[in-house]
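A.B. asks: Sequence and computational prediction follow.
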Amino acid sequence: MPNIPVTFDRSWVQELSDMIQTDGPWHRYELFKLALQAEDALAVKEFDQLQALKYLPKLSPFPHQLQTAEKVLNEMRGRAILADEVGLGKTIEAGLIMKEYMVRGLAKKILILVPASLVIQWTKELNSKFGIPAVAQKKEYMWRQHDVVVASIDTAKRDPHRRHVLDIEYDMLIIDEAHKLKNKRTRNYQFVQEVKKKYCLLLTATPIQNEMDELYNLINLLRPGHLGHNTSFSQNYVEGKRQAKNNEQLKEEIQKIMIRNRRSDGGVYFTTRRVQSVPIELSPDERELYDGVTHFVRTHYRSGLGGVNALALLTLQREVCSSREAAFMTLYNMIQRTQEGSPEHQEIMRLIEIIKRIKNHSKAEKTVELLKEINDKVIIFTEYRNTQNYLQKYLHENGITSVPFRGGFKRSKKDWMTELFQNRAQVLIATEAGGEGINLQFCNQVINYDLPWNPMRIEQRIGRVHRLGQKRDVHIYNLSTSGTIEEHILNLLYEKIDLFEMVIGELDDIVERLGLSDSLEKSLVDIIMDSKSEREMAIKLENMGHAMRSVREQKRISDPQAQLKEASPS
């Protein structure tokens, strides 16, 4: 082996020795100042200060989102219900909080449980906006291999996945659309209760949908015992299923664990909603079918046909306003419960014969006219799966490209439909599954082909396009068939109480003050089914509208902030 010469450079030793003796000069002053500035920039001057913002140069959160993150961090100790109204950016707030805990070294293993249709959307947003390496759960091994996992709650609660999730100790658990956990007897609720978690965020725009117990159940997931035992909570705070007592004390307790930002609070700019009612005249055959079904519904409401309840009968009446396909399936199911040859059986068969004579739907024809006039991307919302299928076929026959979107699709198919709508198709035809969670700001046109009676579902639909990030005014077209139940309801919700301009929480308050019933939807069903004629029903709905508008006006007069908003220039 050859000898390799090795030499040592010792010229620096004497220079270093001299500098040690004279204590410098150690370096150039300019570089020292740069180093000092770098240390100052990285210094944590206050414990309460958000550190995550330094690592998010492409994100510009709104003030209410920053305030929410700070409050969860400093006051709520990482356990909170984020209950902002639709479109105010709960996902951004959750991402900020998650990033902050990761930056501080307080959270590493994180699980995000969401509806299946939102898994990819959450994964993309966490990666692109927050630089969080989140993965969408697909295989069993991914629960342990990855630190930040986004998964469907329906997948996570089933074996073999359930076993892995419950074995892991998570630093943070985040649940979107958390109002689905309102019932403590469901498997979803019990599963989430069993997950080991240090910090927990529940995201929902509707913390209370029907009863006060729903809010109690959500809070109990985060902080068991915060509102006492179920019995003591009912005694101390519940007047009726939807009515609270000791309001100030209850509000104080809820504010310790829930943050709800409202659009009406100001500080956030939204584009204008432009709402338009589109009346439609039924064809003679369609009118005959509607009148026949109306007579059938009123005749058999009290007789309890085959155990069919009032809501099912009323649904049939609404389906006739939607499509013959939707009404046919309901009539077909009803006829199975009747005895052949009975008066009920004969009446249902007569209605089916009328359906067979209907060739096209006046509402579908009007929709095609609207779509050609709009000449832009449009979301059509319908209540019924059979109407969705019919519309897709009818639009295709008229040269209009469309894709369906519904709850029965797997996650990958929902993502594919959304991508097709954005890049290729003019129309997305959605059932209520399209009203939850997904962001479609690239579209600003919505057609309510069928109008739901639950106000929150209307807001969820519109919230898909009218949200932070929408740069254009949003156009909403409400189709209603003249002289039908559809027209009466639209007249009440839109003309009489301006539902589309009203904050949903405000409507809940009005319903409670009037003592209507458990919900506006239930009150409408009661009025319609108990009325002996169209005229009586119209008068009752008219009176309800006047009463609701009067209460709203009284609230406005007694609220100085509302008066200031109206007086200030837009």
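C.D. replies: Arrived safely, thanks for sending. Residues are numbered from 1 along each chain as shown.

A.B. asks: which stretches of the stretch 201-350 of the chain form strands?
C.D. replies: Ranges of strands in the stretch 201-350 of the chain, per DSSP state E, counting those that start in this stretch, are 258-259, 273-280.

A.B. asks: And for the stretch 51-200 of the chain?
C.D. replies: For the stretch 51-200 of the chain, applying DSSP E, counting those that start in this stretch gives strands covering 79-82, 110-114, 135-136, 148-152, 169-175, 196-203.

A.B. asks: Distance from the chain centre to the second one, please.
C.D. replies: Same thing as strand 110-114. Strand 110-114 sits 17 Å away from the centroid of its parent chain (C-alpha atoms, centre = their mean, to the nearest Å).

A.B. asks: Residues in contact with that strand: which ones?
C.D. replies: Contacts with strand 110-114, where a contact means C-beta atoms under 8 Å, 6 or more residues apart in numbering, come from 98, 102, 122, 126, 134, 147-153, 156, 165, 168, 170-177, 192, 195, 197, 437. Every residue, glycine included, has its C-beta placed from N, CA and C.

A.B. asks: if you average pLDDT over it, what comes out?
C.D. replies: For strand 110-114, mean pLDDT is 96.

A.B. asks: and if you look at the fifth one?
C.D. replies: Along strand 169-175, the predicted confidence averages to a pLDDT of 97.

A.B. asks: Give the buried residues for that strand.
C.D. replies: By neighbour count on 16 or more other C-beta atoms under 10 Å, the buried set for strand 169-175 is 170-175.

A.B. asks: Switch the residues you listed over to a markdown table; also include distance to residue 265.
C.D. replies: Converted to a markdown table, those look like this (distance: C-beta to C-beta, whole Å):
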| residue | distance to residue 265 |
| --- | --- |
| 170 | 33 |
| 171 | 32 |
| 172 | 27 |
| 173 | 28 |
| 174 | 24 |
| 175 | 25 |
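
A.B. asks: From those residues, pick the one nearest residue 74.
C.D. replies: For those, the closest approach to residue 74 (C-beta to C-beta) belongs to residue 172, at 16.4 Å.

A.B. asks: Quick one: end-to-end length of stretch 52-62, please.
C.D. replies: 15 Å (C-alpha to C-alpha, to the nearest Å).

A.B. asks: so residue 290 makes contact with residue 282?
C.D. replies: Yes: counting by C-beta atoms under 8 Å, residue 290 touches residue 282, with 6.3 Å between them.

A.B. asks: between the two, what contacts are shared?
C.D. replies: Residues touching both residue 290 and residue 282 (C-beta under 8 Å, 6+ apart): 481, 484.

A.B. asks: what's near enough to touch residue 283?
C.D. replies: Residue 283 touches 358, 360, 362, counting by C-beta under 8 Å, 6+ apart.

A.B. asks: Okay, it and residue 484: tell me how far apart.
C.D. replies: Distance of residue 283 to residue 484, computed by C-beta to C-beta, to the nearest Å: 13 Å.

A.B. asks: gap between residue 34 and residue 19?
C.D. replies: Using C-beta to C-beta, we find residue 34 at a distance of 21 Å from residue 19.

A.B. asks: Look up the pLDDT of the nearest residue to residue 62 once chain neighbours are set aside for me, please.
C.D. replies: Excluding the flanking residues, the one nearest residue 62 by C-beta to C-beta, 6 or more residues apart in numbering is residue 268, at 5.9 Å. If you check residue 268, the pLDDT there is 73.

A.B. asks: looking at it, residue 268 is touching residue 61, isn't it?
C.D. replies: No: at 11.3 Å, residue 268 does not count as touching residue 61 under the criterion of C-beta under 8 Å.

A.B. asks: how about stretch 20-35: buried residues?
C.D. replies: Residues of stretch 20-35 include none that count as buried (16+ other C-beta under 10 Å).

A.B. asks: do the same with stretch 376-393
C.D. replies: Within stretch 376-393, judged by 16+ other C-beta under 10 Å, the buried ones are 377-392.

A.B. asks: ok, now stretch 407-426?
C.D. replies: By 16+ other C-beta under 10 Å, the buried positions in stretch 407-426 come out as 409, 411, 414-415, 417-418, 421, 425-426.

A.B. asks: Need the strands of the stretch 51-200 of the chain in JSON lines (columns: distance to residue 333).
C.D. replies: Below are the strands of the stretch 51-200 of the chain laid out as JSON lines (distance: least, C-beta to C-beta, whole Å):
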{"stretch": "strand 79-82", "distance to residue 333": "39"}
{"stretch": "strand 110-114", "distance to residue 333": "33"}
{"stretch": "strand 135-136", "distance to residue 333": "38"}
{"stretch": "strand 148-152", "distance to residue 333": "30"}
{"stretch": "strand 169-175", "distance to residue 333": "35"}
{"stretch": "strand 196-203", "distance to residue 333": "37"}
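
A.B. asks: nearest to residue 226, of these?
C.D. replies: strand 79-82 (9.5 Å).

A.B. asks: by contact count, what packs against the closest one?
C.D. replies: Applying 3 or more C-beta pairs under 8 Å, 6 or more residues apart in numbering; DSSP states H and E, one finds that strand 79-82 contacts helix 63-74, helix 90-103, strand 196-203, helix 212-222, strand 258-259.

A.B. asks: Quick check: which of these is buried the most?
C.D. replies: Mean neighbours per residue, mean count of other C-beta atoms under 10 Å, is largest over the helices and strands packed on strand 79-82 for helix 90-103, with a mean of 24.

A.B. asks: How far off centre is that helix?
C.D. replies: 19 Å.

A.B. asks: Who are the packing partners of it?
C.D. replies: Helices and strands touching helix 90-103, as assessed by 3+ C-beta pairs under 8 Å, 6+ apart, comprise helix 63-74, strand 79-82, helix 119-130, strand 169-175, strand 196-203.

A.B. asks: Out of these, which is closest to residue 547?
C.D. replies: Short answer: strand 79-82, nearest of the helices and strands packed on helix 90-103 by C-beta to C-beta, at 32.0 Å.

A.B. asks: in the closest one, what counts as buried?
C.D. replies: 79-82.

A.B. asks: Can you tell me which of these is nearest residue 453?
C.D. replies: Nearest to residue 453 among the buried residues of strand 79-82 is residue 81, at 26.5 Å by C-beta to C-beta.

A.B. asks: List the beta-bridge partners for that closest one.
C.D. replies: Beta-bridge partners of residue 81, counted by DSSP bridges, are residue 202, residue 258.
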